[in-house]
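J.: Below is the structure, and that's it, no one-letter string:
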């Protein structure tokens, strides 16, 4: 938990980290399409048993649909770790999105990074497990996205401002 808090603090300080923007329905649709496109490509990667690509594509399918949620509420983040940390603090901690969604995205990112940068082999079974959860993950998040209310958007934006103002006060001390 301490690590996540420091990540969020770090994210508020970065120029490409977390910041509020106006909600953007056009970008919501763009990221939904990107997620669906990744899911389509995932089928091909699975068919060809391209394990590295399966990890990448399944992660991005999940990441893009989560990022669509961020565009819906008006939060920009160009740093994946910041997006994932904000998902935890703004959505999961507020019981707006399930812990399972966060855990799955975090696990997918960890596997992707470990395979890409550290050439770790997780085995076909673990890779396919992540991939097989992708469609269900994206569908669940998209269903949430399609029915998110203005009240929820306000709640999330208020929590963002609260966390950011606490961080600003800590910096001034």
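T.: Received it, and whenever you're ready, just let me know what you need. Here the structure is a predicted model, which means the values were calculated and not measured.

J.: C-alpha from now on. contacts and neighbour counts both.
T.: OK.

J.: quick check: longest helix of this protein.
T.: helix 123-147 (DSSP state H).

J.: In terms of secondary structure, what does that helix contact?
T.: Judged by 3 or more CA pairs under 8 Å, 6 or more residues apart in numbering; DSSP states H and E, helix 123-147 is in contact with helix 25-47, helix 51-73, helix 99-118.

J.: and the angle for that helix with helix 51-73?
T.: 20 degrees (axes from the mean of the first three to the mean of the last three CA atoms, to 10 degrees).

J.: going forward can the numbers begin at 17, since that is how I track them
T.: From this message on, residue numbering opens at 17, which makes the last subject helix 139-163.

J.: Helix 139-163: which residues count as buried?
T.: 143-144, 146-148, 150-151, 153-154, 157-158, 161 (16 or more other CA atoms under 10 Å).

J.: for the residues you listed, which one is nearest residue 122?
T.: Minimum distance to residue 122 across the buried residues of helix 139-163 is 11.0 Å, recorded for residue 146 (CA to CA).

J.: Surely residue 76 touches residue 52?
T.: No. Applying CA atoms under 8 Å, one finds residue 76 not in contact with residue 52, separated by 10.0 Å.

J.: of the two, who's got more company?
T.: For the pair residue 76 and residue 52, the greater number of neighbours falls to residue 76 (25 against 20), based on other CA atoms under 10 Å.

J.: what's near enough to touch the more buried one?
T.: Neighbouring residues of residue 76 by CA atoms under 8 Å, 6 or more residues apart in numbering: 51, 54.

J.: Quick check: which of the helices and strands packed on helix 139-163 is buried the most?
T.: helix 67-89 (a mean of 25; mean count of other CA atoms under 10 Å).

J.: Many thanks, we can stop here.
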